[in-house]
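> sharing a model that was predicted from the sequence below.
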Amino acid sequence: MPTQVVQAQPSKNVFSDFIQFWENAKAIAGPYWYPTKPGQRAFSDVIRAWGMLILLILLIIAFVGVTAFNSFINRYIVDIILQEKDYSKFINIIYFYAAGLVLVTLLLGFSRFVRKQIALDWYKWLNNQILDKYLSNRAYYKINFKTDIDNPDQRLSQEIEPITSNALNFSATFLEKVLEMITFAIIIWSISQQIAIALIIYTIMGNFIAVYLNQELNSINQAEIESKADYNYCLTHVRNHAESIAFFRGENQELNILERRFSKLIANIKRKIDWERNRDIFNRAYQVAIELFMLFILAPLYIKGEIDFGQVEQASVASFMFATALGELITAFGSSGNFSSYVERLAEFSSALEDVTKQPENVSTLKIAEENHLAFENVTLQTPNYEQVIVEDLSLSVQPGEGLLIVGPSGRGKSSLLRAIAGLWNAGTGRLVRPPLEEVLFLPQRPYIILGTLREQLLYPNTSRQMTDAELKEVLQQVNLQNLLSRVDGFDTEVPWENILSIGEQQRLAFARLLITHPSFTILDEATSALDLQNEGSLYQKLQSTKTTFISVGHRESLFDYHQWVLELSQDSSWQLVTVQDYRNQKAINIQSAPNNESQNQSQILTETITSEKLTHKEISELTNYSISTIRSKASKGDSITTRDGLTYRYDKNSSVLKWLRV
């Protein structure tokens, strides 16, 4: 049920605030208590919920009724003790009074139990409904681009349960206290009509004052919820980036950030404490005034003999219960400010989840076709907000078993093309042909590490797949993670994997998933950036052996060896698709035609970077008359070597290369 929700801000219009709150509450409570859409809730579940609610109402009515009955018994006992002084009557009536007290106790306990059970059932349903929205149609991903929605994790984990518990507590308290006030007002009316009328007027005035005071509490509660969420997020951020903070020695800066957010939280708590102090003083003064008023009225009537002491006692008890009920009702109105804030934030969140999954109107989107190959047909891709063109009029087709490498300057949309393939971004025009996403495996630069066992890590996303420990060990061996088992207690061990695995190990773990899954298509976004060339080469060779069709994004020159085609994206949204060899030749020509004022050394380094031949010491020895020791000596000195066929090579000492490169 979509609802338009505004940001919390102090409002001068109480009526409009109430209307907005009512709309938000209907959006949250309506589908549970009165579902209107087919399949929204099972009919039996709705009947059960209403049955428990009716039971709660009956328990509250019975509780108030027995409490009122006990007041008459108490009045009768006082008369027996002070006027009749009949011990036998006292003994007979005290059993009724004790039974009434026991019954009140049982009714109170069961009503509180039923209230909490209703709140729990509602909480489970509401949490599942919001989670379903959150994880449907990739709303959890798209919501990150909606900047006015803060801390979705806290809204899910900490702000749903208070809605159901507060709603039931307030509703039950409101019904119970209103019934008590009506009941005891009737009892007082039977004793003195003037007192009853004065109490009713006093009650109306007091509630108007309470409603006025609670307006400020709503803004206080909203600010407190947001400041708590910001502080919790900051603490989580420190935990998630502990290693980076340690490398930068950024403890003092992080402490300053935490202290700033904590100070904001404390300021809101102090503001709330001050408000609650004033409320408590008002509530107590309100109750005391009623008690004093009763004494001023009842004492003269008793002294004149117009009423007996039992009536005085009953009226006193009734006035005390009336004042207590009124005080608790005012307190309930105050606590409803928290409920209102939670309702507003959840309705805002729920509405945002629905909005981000809706297809925008009057905008162009990519047409998606599912076939057993991958192709872009006149695709112009834009950012989700349609503010920037990433690539224009792109047309290409990746044949089965081939490899395509996407290169280009940073920030030019290489990863954006992968998002388009995954269906995350679809702003633009043209037609994208892709296989069903179930046949595609994505390997990002920072692999996704789930919360689970080592077995689940390897089998993800299909954790129901059956594989023996021996088969899993063989896969670990293939990705050079055979020593991982020595650090944990088997495949069914669950540990914080992100903390014990380096980025390189996480990338090899992702490749292990690839070897297990055997997808028809693989998308790699700098998936080997943290690996040395030997591990990278080994993994790409295994990838090629699977005969999968794959697309890679990367900057390393070494990746050219494992792909047949290069797609280069340019700053002006243009592109070119060439073979790997043609791309290398183009870069070599560009470097040779560079301005003369560039140093010869820089030109040689650039040339070495794009060369296609990388040879070991042994391979260089076979192409020359030099011994291995001489070649190593020349490599250490940085000297070049000319082979028998007239080609010149220079040794690249970069730790990620360590090969002879042709100049």
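Cool, got the structure.

> next one: the closest residue to S640 other than its chain neighbours relative to A527, how far apart?
Counting by CB to CB, 6 or more residues apart in numbering, R650 is the residue found nearest to S640 once chain neighbours are left out, at 4.7 Å. All C-beta spots, glycine's among them, are computed from the backbone N, C-alpha and C. Look at R650 and A527: by CB to CB, to the nearest Å, they are 30 Å apart.

> looking at those two now, which is surrounded by more residues?
A527 (28 against 20; other CB atoms under 10 Å).

> which one is that one nearest to, not counting chain neighbours?
The nearest residue in space to A527 (CB to CB, 6+ apart) is L443, at 3.9 Å.

> can you report phi and psi for the one you found?
With angles defined as degrees, to the nearest 10, L443 sits at phi -120, psi 100.

> residue ranges of each domain in the protein, please.
Using automatic domain parsing, the domain ranges for the chain come out as 14-357, 367-579, 594-662.

> I'd like these laid out as a markdown table, including distance to K587.
As requested, these are exported to a markdown table (distance: least, CB to CB, whole Å):
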| stretch | distance to K587 |
| --- | --- |
| domain 14-357 | 34 |
| domain 367-579 | 9 |
| domain 594-662 | 4 |
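
> what's the least confident stretch among these?
Lowest mean pLDDT within those: domain 594-662, at a mean of 64.

> which one's the longest helix in this protein?
Scanning the chain for the longest helix, with DSSP state H as the assignment, gives helix 251-303.

> what is it packed up against?
In terms of contacts (3 or more CB pairs under 8 Å, 6 or more residues apart in numbering; DSSP states H and E), helix 251-303 is packed against helix 193-240, helix 309-357.

> how about the helix or strand following the shortest one: buried residues?
Sequence-wise, the next helix or strand downstream of helix 193-240 (DSSP states H and E) is helix 242-248. Residues of helix 242-248 classed as buried by neighbour count (16 or more other CB atoms under 10 Å): I245.

> mind starting the numbering at 437 from now?
Sounds good: first residue 437 from here, last item helix 678-684.

> send me helix 678-684 as PDB with only the CA atoms.
Presented in PDB, the C-alpha positions along helix 678-684 are these (Å, rounded to 0.1, in the frame of the first residue of the first chain):
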ATOM      1  CA  ALA A 678      39.400  -1.900  11.100                       C
ATOM      2  CA  GLU A 679      42.500  -2.800   9.000                       C
ATOM      3  CA  SER A 680      42.400   0.300   6.900                       C
ATOM      4  CA  ILE A 681      42.100   2.500  10.000                       C
ATOM      5  CA  ALA A 682      45.000   0.600  11.600                       C
ATOM      6  CA  PHE A 683      47.200   1.100   8.500                       C
ATOM      7  CA  PHE A 684      46.500   4.800   8.400                       C
END
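
> starting at the chain centroid, how far to that helix?
24 Å (CA atoms, centre = their mean, to the nearest Å).

> hmm, who's touching that helix?
Residues outside helix 678-684 that contact it (CB atoms under 8 Å, 6 or more residues apart in numbering): 674, 686-687, 690.

> related to what we said a few turns ago, in a helix, that's where the residue nearest to S1076 is, yeah?
No. Residue state for R1086 (DSSP: H, G, I helix; E, B strand; the rest coil) corresponds to strand; a helix is not indicated.

> tell me what the residue nearest to A963 is bridged to.
L960 (DSSP bridges).

> any idea how far it lies from W933?
Using CB to CB, L879 is found at 16 Å from W933.

> now swap in Q1007 and tell me
39 Å.

> of those two, which one has the most company?
W933 (21 against 9).

> on that earlier part again, okay, the helices and strands packed on helix 687-739, which one's buried deepest?
helix 745-793 (a mean of 21; mean count of other CB atoms under 10 Å).

> the next helix or strand after that one pairs with which strands, and in what direction?
Counting by DSSP H and E, the next helix or strand C-terminal to helix 745-793 is strand 803-806. Neighbouring strands of strand 803-806 in its sheet, by DSSP bridges, are strand 864-870 (parallel).

> list the contacts for the residue nearest to A963?
Contacts of L879 by CB under 8 Å, 6+ apart are 943, 946-947, 950, 958-961, 963.

> the residue nearest to S1076 reaches K1095, doesn't it?
No. Between R1086 and K1095 there is no contact under CB atoms under 8 Å: 10.3 Å.

> work out for me the element P474 sits within.
P474 belongs to no helix or strand, assigned by DSSP H and E.

> any idea how far it lies from M617?
In this structure, P474 and M617 are 43 Å apart, going by CB to CB.

> between these two, who's got more neighbours?
A direct count of neighbours by other CB under 10 Å for P474 and M617 places M617 higher, at 21 against 5.

> quick check: the more buried one touching A754?
No. Here M617 lies out of contact with A754, judged by CB under 8 Å, at a distance of 10.1 Å.

> I936: what's it in contact with?
R923.

> before we move on, what about T672?
D589.

> one more pass at 10 Å, please.
Residues in contact with T672 (CB atoms under 10 Å, 6 or more residues apart in numbering) are 587, 589-590.

> kindly report the same for Y896.
Counted by CB under 10 Å, 6+ apart, Y896 has contacts 883-886, 888, 945-946, 949, 952-953.

> would you mind measuring from it to L890?
For Y896, the distance to L890 - CB to CB - is 11 Å.

> any shared contact partners between the two?
L945.

> which ones among the contacts of Y896 map onto strands?
Within the contacts of Y896, no residue falls in strands by DSSP state E.

> which of the residues you listed sits closest to A858?
The closest of these to A858 turns out to be Y884 (CB to CB; 13.0 Å).

> filter the contacts of helix 678-684 to the buried ones?
Buried among the contacts of helix 678-684 (16+ other CB under 10 Å): 674, 690.

> nearest to K803 among the contacts of helix 678-684?
V674 (44.4 Å).

> list the contacts for the residue nearest the centre of the chain?
In the chain, the residue lying closest to the centroid (CA atoms, centre = their mean) is D589, at 2.6 Å. Neighbour list for D589: 570, 576, 665, 668-669, 672 [criterion: CB under 10 Å, 6+ apart].
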